[in-house]
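Undergrad: missing the sequence, but the structure's below:
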């Protein structure tokens, strides 16, 4: 158990809908990262927050947004969903702002299926 | 930016066989290197890490050495078990060191 929790574990929805994925980092970690794992793209970094502020952005679509709340939990919002958004979404956390030697610990993931 | 190349799978071995999964990288500076493992139906787990050149990471019988001269971080295990069947990912930080970039993953299947 990494100490990172994600809910829900599974999510099935329809095209055009909006969903929210939730992540709670390990106790004491200030950075939260979101990744997408799909069969065709592999594991891709989406976005990072540190202590409530956005710090880095990767291949995140404009239809997707995230935020980190004062209690440090984070939410990833996916809207106008398309079939291609079906994937496993991971949250990770770490203690520092940069990852040069820092270790990211991953949650169990949320499997999103868009029908 | 930094990049990582991982040997393609799947790798199929018999129990107690020796395992090597190759990983090579390109990097600015000397970031930490990681191996993560994903068991069937589960999330990513950190398997081991190395933080500097010649450093050896080890865990659960797996080892990998940070080789600066060959820019490699190959994963090895002397005697695999059926329970080691999983997908293994080599990773390193990039892009201002905020994000991890991952290899494509190598699927390992161990048969009794």
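TA: Looks like it came in fine. Computed from a prediction, not measured in an experiment: that's the story for all the values here.

Undergrad: I'd assumed residue A:58 was in contact with residue B:96.
TA: No. Using CB atoms under 8 Å, residue B:96 is not in contact with residue A:58; the gap is 11.0 Å. Where you see a C-beta, it was placed from the backbone N, CA and C, and this is true even at glycine.

Undergrad: is the spatially most central residue of chain A in a bridge, and if so with what?
TA: By CA atoms, centre = their mean, chain A has its centre lying nearest to residue A:34, at 3.0 Å. Counting by DSSP bridges, residue A:34 forms beta bridges with residue A:47, residue A:91.

Undergrad: Over to residue B:90?
TA: residue B:35.

Undergrad: What is the neighbour count of it?
TA: 29 (other CB atoms under 10 Å in any protein chain shown).

Undergrad: what about it, distance to residue B:79?
TA: Here residue B:90 is placed at a distance of 21 Å from residue B:79 (CB to CB, to the nearest Å).

Undergrad: Tell me which stretches of chain B form strands.
TA: Remark: strands assigned in chain B by DSSP state E are B:3-6, B:11-14, B:19-21, B:23-26, B:33-38, B:44-50, B:56-59, B:62-65, B:75-77, B:86-94, B:99-102, B:106-111.

Undergrad: how about JSON lines for those strands, with mean pLDDT and distance to residue A:30 added?
TA: Formatted as JSON lines, these follow (pLDDT from 0 to 100; distance: least, CB to CB, whole Å):
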{"stretch": "strand B:3-6", "mean pLDDT": "94", "distance to residue A:30": "26"}
{"stretch": "strand B:11-14", "mean pLDDT": "97", "distance to residue A:30": "38"}
{"stretch": "strand B:19-21", "mean pLDDT": "97", "distance to residue A:30": "33"}
{"stretch": "strand B:23-26", "mean pLDDT": "96", "distance to residue A:30": "27"}
{"stretch": "strand B:33-38", "mean pLDDT": "96", "distance to residue A:30": "20"}
{"stretch": "strand B:44-50", "mean pLDDT": "95", "distance to residue A:30": "18"}
{"stretch": "strand B:56-59", "mean pLDDT": "97", "distance to residue A:30": "25"}
{"stretch": "strand B:62-65", "mean pLDDT": "98", "distance to residue A:30": "28"}
{"stretch": "strand B:75-77", "mean pLDDT": "98", "distance to residue A:30": "30"}
{"stretch": "strand B:86-94", "mean pLDDT": "94", "distance to residue A:30": "16"}
{"stretch": "strand B:99-102", "mean pLDDT": "91", "distance to residue A:30": "16"}
{"stretch": "strand B:106-111", "mean pLDDT": "96", "distance to residue A:30": "32"}
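
Undergrad: Could you dump these into TSV and include distance to residue A:15?
TA: Below are the strands of chain B laid out as TSV (distance: least, CB to CB, whole Å):
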stretch	distance to residue A:15
strand B:3-6	33
strand B:11-14	37
strand B:19-21	38
strand B:23-26	38
strand B:33-38	28
strand B:44-50	28
strand B:56-59	42
strand B:62-65	42
strand B:75-77	40
strand B:86-94	29
strand B:99-102	28
strand B:106-111	30
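
Undergrad: what's the offset of stretch A:76-86 from the middle of its chain?
TA: Centroid separation between stretch A:76-86 and its chain, computed with CA atoms, centre = their mean, to the nearest Å, is 13 Å.

Undergrad: Would you mind naming what in chain B lies close to chain A?
TA: B:29, B:31-32, B:34, B:36, B:42-46, B:49, B:51, B:89, B:93, B:95-102, B:104-105 (CB under 8 Å from any CB of the partner chain).
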